[in-house]
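In: below are the sequence and a predicted model; questions follow.
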Amino acid sequence: MNNKKIIILGSILGVIILIILITIFSSITTVPTGYVGVKTRFGKVQDDVIQEGLNMKVPFIEKIVKIDCRTQKIETNSEGSTKDMQTVNIAVAINYNVNKDTANTLYREVGTDYTNIIINPAILEAIKSSMAGYTAEELITKRAEVSNEIQESIINKIANKGFTITEFNITNIDFSEQYDQAIETKAVKQQEVMTAQAELEKQKIQNEKEISEAEKDAKVMELQNAQITENTLKLKELEVQQKLIEKWNGQLPTTSLGDNIPMLNINK
């Protein structure tokens with residue numbers, strides 16, 4: 001009988017110890033680095049959050065929901081129409097964090113599926129609304145401006161929900177096949193125009209060069225003609241003087257011609 005009592009007492013003691021151990025372990029919770037713990041009591045979200053590390057809670061009454069506050073990345077894309085009615089697909093990548101101080105409010109209002117409920121819709125709406133303000137060509141030429149506008153729009157939509165945007169990038173812009181063909185055709189035409197302009201400029205330079213050469217040749221010819229004329233006149237003068245000298249009869253001249261050469265009557 002005593003043995004049975006001992007066994008019973010031992011069993012009771014073991015159960016008590018087990019309950020105590022379970023209670024102790026149920027009173028302790030750990031929150032990983034980069035997370036915060038949202039405390040619920042009988043399913044009701046409490047106003048305070050618990051930080052990373054070892055924490056105490058009321059066993060069997062309180063539960064801790066761990067919210068990831070590390071930097072999270074979303075990659076998504078959205079299709080929309082531009083100001084000139086072109087269909088464009090824009091792919092983006094966004095890095096964001098859940099604010100630790102308001103994680104309990106976020107959990108109370110949204111739960112843990114906040115990416116699909118808040119983040120993604122905000123991104124898609126921001127892309128569509130910003131895209132509508134630009135032409136398809138401006139999405140390329142003003143890419144940085146478009147990116148900043150989309151980022152600001154997303155921030156305005158989710159900042160008061162308990163999120164912080166740390167980085168945003170447009171990773172790709174895809175146009176419709178028809179628009180791509182139009183762009184290619186435009187590029188070909190522009191290249192043809194540039195080639196024609198280059199050929200025209202080349203011909204213009206060649207013409208100017210030929211004109212310059214012709215003017216140079218004409219100037220040379222003019223100088224040569226002037227020199228020939230001058231030399232011819234000198235030659236004629238010398239010939240006249242020579243004839244006068246040959247016909248001189250020794251009498252003093254009554255008139256003179258340049259350089260004091262006697263002017264004689266060659267008809268005598």
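Out: Great, that's in hand.

In: which pLDDT value belongs to the residue lying closest to Tyr35 once chain neighbours are set aside?
Out: In space, Tyr35 comes closest to Lys66 once its chain neighbours are excluded; the distance is 4.8 Å by C-beta to C-beta, 6 or more residues apart in numbering. C-beta coordinates here come from the backbone N, C-alpha and C atoms, glycine included. Among the per-residue scores, Lys66 holds a pLDDT of 93.

In: in the protein, which spans are helices?
Out: 2-26, 103-109, 114, 120-131, 136-141, 143-158, 177-247 (DSSP state H).

In: report the buried residues of the first one.
Out: Counting neighbours by 16 or more other C-beta atoms under 10 Å, one finds that helix 2-26 has no buried residues.

In: hmm, who's touching that helix?
Out: If you take C-beta atoms under 8 Å, 6 or more residues apart in numbering as the criterion, helix 2-26 is touched by Lys57, Pro59, Phe60.

In: any idea how many residues pack against the first one?
Out: So that's Lys57. 18 (other C-beta atoms under 10 Å).

In: so what's the closest residue to it other than its chain neighbours up against?
Out: Nearest residue to Lys57, sequence neighbours excluded (C-beta to C-beta, 6+ apart): Thr29, at 5.6 Å. Contact partners of Thr29, counting by C-beta under 8 Å, 6+ apart, are Gly37, Ile50, Leu54, Asn55, Met56, Lys57, Ile64.

In: Tyr35 against Glu52, yeah?
Out: Yes - using C-beta atoms under 8 Å, Tyr35 is in contact with Glu52, at 6.0 Å.

In: who has more neighbours out of the two?
Out: Set Tyr35 next to Glu52 and count neighbours by other C-beta under 10 Å: Tyr35 wins out with 22 against 16.
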